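*Asks:* Got a predicted structure here, sequence first:
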Amino acid sequence: MKASEALANVGVLPARRLKARRDARVLVVGAGGLGNPCALALARAGVGALRICDDDVVDATNLHRQILFDETSVGKPKLDEAKRALESMTDVRVETARTRFLPARARELLDGCDVVVEGADNFPTKFLVGDACALARVPVVHAAAVRLHGTVLAVGRDGAPCYRCVFEDVPREATANCDTAGVLGPMVGVVGALQASLALDFLDGRDVGGAFVSYDAKFDVLRRTRMHARPSCAACGTRLIDDLDEGRYKG
């Protein structure tokens, strides 16, 4: 049974929302620890098409948290393995783009997408995705996870409040990531599911822009609040950022 048929049979969603999900295309930036559970949740929820961009290969150290892969995936491109797994388990159409999210490719990657889910492991990409989505007026749900803590931020079509309201600009100093600081595998799954939930809210027509969720796996505490735009924000306040100049996204 298809995911959309299963949802309809149990009366979870009205027909118009099911159709909106079937007709939707979601861009997944990064097929890693967050992209794996988020993509699977979206596909299971009836989203018709996923466009995934990534240029990495599966490493054995990924397997504890990147749930679309197994031992046979090691050494193979994440895109190919994610596509194989998702299409074997669901009826989603998977489009692959063997690239990182770069300024020169941003317009092409965003074209035709209804919402973006961003799970990159570095700040330059996160800022670039946020700025590109604001300029293209495409909703985006950012997510991050390291050690025992994860966060999710939903940014609406109007681009405010946005990622820069929180972090302002790309950090120039080294920052912790999963490779350097480690991450709890099950916690990443929780954060990816929260990210998918907010993306589905956008597809279902709900205004969740500004929703900020944090999860502390050490104490099992989940908090959700509503952010407000920062007037001096260069992206959504003063609107100083009106292009995707490559020099802006160097860490």
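*Replies:* Okay, I see it.
*Asks:* When you work out contacts or count neighbours from here on, use the C-alpha atoms and nothing else.
*Replies:* OK.
*Asks:* Point out where this structure drops to low pLDDT.
*Replies:* Low-confidence segments of the chain (pLDDT under 70): 1-12, 251.
*Asks:* now the helices: where do they sit in it?
*Replies:* Using DSSP state H, the helices found in the chain span residues 3-9, 15-22, 35-44, 78-89, 106-110, 123-136, 163-167, 178-181, 185-203.
*Asks:* check contacts around the closest residue to N177 other than its chain neighbours.
*Replies:* Distances taken as C-alpha to C-alpha, 6 or more residues apart in numbering place V146 nearest to N177, at 5.9 Å, with adjacent residues excluded. By C-alpha atoms under 8 Å, 6 or more residues apart in numbering, the residues touching V146 are A176, N177, C178, A181, G182, V183, L184.
*Asks:* Please name the residues that touch the closest residue in space to L244 that isn't next to it in sequence.
*Replies:* In this structure, L244 finds its nearest non-sequential neighbour in P103, 5.7 Å apart by C-alpha to C-alpha, 6+ apart. Neighbour list for P103: L128, L244, D245, E246 [criterion: C-alpha under 8 Å, 6+ apart].
*Asks:* repeat that with 10 Å
*Replies:* Neighbouring residues of P103 by C-alpha atoms under 10 Å, 6 or more residues apart in numbering: T125, L128, V129, D131, A132, D243, L244, D245, E246, G247, R248, Y249.
*Asks:* Phi, psi for the spatially closest residue to the fourth one that is not a sequence neighbour please.
*Replies:* The spatially closest residue to D131, leaving aside those adjacent along the chain, is A235, at 6.9 Å (C-alpha to C-alpha, 6+ apart). Comment: the main-chain dihedrals of A235 come out as phi -90, psi -50, following degrees, to the nearest 10.
*Asks:* could you measure A235 against P139, distance?
*Replies:* Here the criterion is C-alpha to C-alpha, to the nearest Å. By it, A235 lies 14 Å from P139.
*Asks:* Bridged to the residue nearest the centre of the chain, which residues?
*Replies:* With distances taken as C-alpha atoms, centre = their mean, V117 lies nearest the centre of the chain, 2.3 Å away. Counting by DSSP bridges, V117 is bridged to V28, V141.
*Asks:* That one touches P37, doesn't it?
*Replies:* No. Between V117 and P37 there is no contact under C-alpha atoms under 10 Å: 11.4 Å.
*Asks:* tell me, what's touching the two both at once?
*Replies:* Common contacts of V117 and P37, defined by C-alpha under 10 Å, 6+ apart, comprise G192, Q195, A196.
*Asks:* Am I right that the second one is in contact with V152?
*Replies:* Yes. Checked against C-alpha under 10 Å, the pair Q195 and V152 is within contact range at 6.1 Å.
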